Each structure stands twice: as structure tokens, then as C-alpha cells.
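> With the input below, show me the fold.
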Amino acid sequence: MITKEQWKNIRGSSPVPDQIMISIKGDAAHNIAIRWRTDTSVDSAYALYRVKGTEEWQKTMADKHFFATDMDESNFFFAYLENLDADTYYE
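Coordinates of the predicted model:
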């Protein structure tokens, strides 16, 4: 049987973001949501993005949601990028 500590080492959260997902939020042509997980040592986070190939970065603060299971405690962060230009590549 695997212990809680062993499971945390294998699949648990860490300070490094993982489980990164991009999804549609509202108007798919202009808004997206980015979600990621960290351990609970990370208290706040943000997403940086820009139109591909440009120099001007934009910053959006992320909302934090605590999540606990019998094997791990994590923070999930959600950054909502809004008012994006349609048919434009972002990075």
C-alpha cells in the first residue's frame, strides 16, 4: 500500500505550476481562462501574455481556490484574459 507521503512525492502539488489548462470563458473570440495548480506555499499568482511577437506584456492577477483531498492540499489558480483581439495569436 502506498502512503500519503509517497503519493505526494509522485503526484502531489509543488511550488511549480502544473495541470495547466486553457479553456473558453464566455465569448470564445475574446476571452479565455487559464487554470493551474500549485502547493499551498504559493499564495498569489498571475498570468503574463502578449500579442505574439510584440514587446508589451500584459498582466492579469489570478483568483486562488484552495482544494484538499485525502492525499494532498493544493491551490488552484484561475486567470481570466478578456477583451482579446479575435484572429490574433497570443503568447
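> count of residues packed around residue 13?
Close neighbours of residue 13, defined as other CB atoms under 10 Å, add up to 21. The C-beta positions use only the backbone N, C-alpha and C, and glycine is treated the same way.
> Quick check, it in contact with residue 77.
No: if you go by CB atoms under 8 Å, residue 13 and residue 77 don't touch, sitting 11.4 Å apart.
> Mind listing the shared neighbours of those two?
Listed as contacting both residue 13 and residue 77 by CB atoms under 8 Å, 6 or more residues apart in numbering are 37, 38.
> where does this protein have its least confident helix or strand?
Counting by mean pLDDT, DSSP states H and E, the weakest-scoring helix or strand in the chain turns out to be helix 4-11, with a mean of 82.
> from the middle of its chain, how far away would it be?
Mean-position distance between helix 4-11 and its chain equals 21 Å (CA atoms, centre = their mean, to the nearest Å).
> List the strands paired with the helix or strand harbouring residue 22, with their directions.
Element membership for residue 22, per DSSP states H and E: strand 18-24. Looking at strand 18-24 with DSSP bridges, its partner strands are strand 32-39 (antiparallel).
> that older thread, the least confident helix or strand of the chain to strand 32-39, inter-axis angle?
Comparing the axes of helix 4-11 and strand 32-39 via axes from the mean of the first three to the mean of the last three CA atoms, to 10 degrees yields an angle of 140 degrees.
> Convert the C-alpha atoms of helix 4-11 to PDB, please.
Extracted in PDB, the C-alpha atoms of helix 4-11 (Å, rounded to 0.1, in the frame of the first residue of the first chain):
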ATOM      1  CA  LYS A   4       0.200   9.600   1.700                       C
ATOM      2  CA  GLU A   5       3.700  10.900   1.700                       C
ATOM      3  CA  GLN A   6       4.700   8.600  -1.200                       C
ATOM      4  CA  TRP A   7       1.600   9.700  -3.100                       C
ATOM      5  CA  LYS A   8       2.500  13.400  -2.500                       C
ATOM      6  CA  ASN A   9       6.000  12.700  -3.900                       C
ATOM      7  CA  ILE A  10       4.600  11.000  -7.000                       C
ATOM      8  CA  ARG A  11       1.500  13.000  -7.900                       C
END
